[in-house]
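**Q** pasting the structure only:
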């Protein structure tokens, strides 16, 4: 296999060794001429236009703003090289307790994603299964992979900036070390190489929804510009029996102002 000129020799070697444990469908990302060509089954991501009407989005936004006005939402800030984390979040426990419209939306989207994989079910971790993110002006979300098989991102409003960028099916996913240091190495290598590619860029538009294979799609959120915060609903699904060893630390990292981990907890030490 030809060596990449962009990686140090040690990383070159470890990356090649990791490929021996590879169990997935990885391909070097080639940009599509139109995002409408994407399919969740064929390409690992797709974009659904007008999944919700403008009127329904306004109703959900009204409910969310009323909830936010009467509850203290944590501001999550994690400074990282390149692109950081900065957003407020309503986690799944709060949503299922107090926001029935968002909870109903989650059940509807579950039926949709089951058309691509009948095994899919709500994430067993209710906190992480369904979130609403409020990304303020200047806020962004770092490059990452999700813990779960399929993720849906539904936009409720339009803002300046705040685009989702993604590289579908862009991961060497290991069968035995999927949340370990060797997986982190592979992920870091691909994040570096992504600088030389061109991601799919999706503008936030009310009712527009992204479906992706979350644990194989490298994705991020550009900084929000202007004076309006970006509001999106994040829905996560998995086949039954999936185990994520770093779950407790990752929940603290993503939902609490006091993170228990110094680095991204997606990977065990």
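**A** Sure thing, it's come through. Every value quoted in this text rests on a predicted model; they were computed, and no experiment measured them. Numbers count the residues shown, from 1 in each chain.
**Q** Apart from its chain neighbours, what residue comes closest to residue 58?
**A** residue 206 (7.9 Å; Cβ to Cβ, 6 or more residues apart in numbering). C-beta coordinates here come from the backbone N, C-alpha and C atoms, glycine included.
**Q** So the one you found is in contact with residue 50, correct?
**A** No: between residue 206 and residue 50 there is no contact under Cβ atoms under 8 Å: 9.0 Å.
**Q** neighbour-wise, which of the two wins?
**A** For the pair residue 206 and residue 50, the greater number of neighbours falls to residue 206 (21 against 11), based on other Cβ atoms under 10 Å.
**Q** and that one, what are its phi and psi?
**A** Residue 206 has phi and psi values of phi -50, psi 130 when expressed as degrees, to the nearest 10.
**Q** ok, now which ones touch it?
**A** 52, 54, 57, 58, 155, 156, 157, 158 (Cβ atoms under 8 Å, 6 or more residues apart in numbering).
**Q** Format the residues you listed as a markdown table; extra columns: neighbour count, secondary structure and pLDDT.
**A** Below are the contacts of residue 206 laid out as a markdown table (neighbours: other Cβ atoms under 10 Å; DSSP: H, G, I helix; E, B strand; the rest coil; pLDDT from 0 to 100):
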| residue | neighbour count | secondary structure | pLDDT |
| --- | --- | --- | --- |
| 52 | 21 | coil | 98 |
| 54 | 13 | helix | 98 |
| 57 | 22 | helix | 98 |
| 58 | 14 | helix | 98 |
| 155 | 24 | strand | 98 |
| 156 | 24 | coil | 98 |
| 157 | 19 | coil | 98 |
| 158 | 14 | coil | 98 |
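**Q** Return the closest of those with respect to residue 174.
**A** Nearest to residue 174 among the contacts of residue 206, counting by Cβ to Cβ, is residue 155 at 32.1 Å.
**Q** Check whether the closest one really touches residue 207, as I assumed.
**A** Yes: at 7.2 Å, residue 155 counts as touching residue 207 under the criterion of Cβ under 8 Å.
**Q** any weak-confidence spans in the stretch 101-250 of the chain?
**A** Where the stretch 101-250 of the chain drops to pLDDT under 70, the residues are 175-179, 244-248.
**Q** 80 - rerun?
**A** Along the stretch 101-250 of the chain, segments meeting pLDDT under 80 span 173-181, 195-196, 243-250.
**Q** Tell me where the stretch 101-250 of the chain has strands.
**A** 121-122, 130-135, 141-144, 150-155, 160-161, 164-167, 200-202, 209-212, 218-221, 224-225, 230-238 (DSSP state E, counting those that start in this stretch).
**Q** Contacts for stretch 96-107, please.
**A** Residues contacting stretch 96-107 (Cβ under 8 Å, 6+ apart): 52, 59-60, 63-64, 67, 90, 95, 122, 126, 129-130, 132, 154, 233, 235.
**Q** Any buried residues in that stretch, and which?
**A** 96, 99, 102, 105, 106 (16 or more other Cβ atoms under 10 Å).
**Q** before we move on, what about stretch 123-134?
**A** 123, 125, 127, 128, 129, 130, 131, 132, 133, 134.
**Q** Distance check, the third one against residue 215.
**A** This points to residue 127. 18 Å (Cβ to Cβ, to the nearest Å).
**Q** SS state for residue 87?
**A** strand (DSSP: H, G, I helix; E, B strand; the rest coil).
**Q** Next, the contact list for it, please.
**A** Here residue 87 is in contact with 75, 76, 133, 134, 135, 136, 139, 141 (Cβ under 8 Å, 6+ apart).
**Q** can you put the residues you listed in CSV and add distance to residue 186?
**A** Formatted as CSV, those follow (distance: Cβ to Cβ, whole Å):
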residue, distance to residue 186
75, 32
76, 26
133, 27
134, 32
135, 28
136, 33
139, 28
141, 21
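**Q** So how do I select the buried members of the residues you listed in ChimeraX?
**A** Selecting just the buried residues from the contacts of residue 87 in ChimeraX takes one command, with 16+ other Cβ under 10 Å as the test:
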select :76,133,134,135,139,141
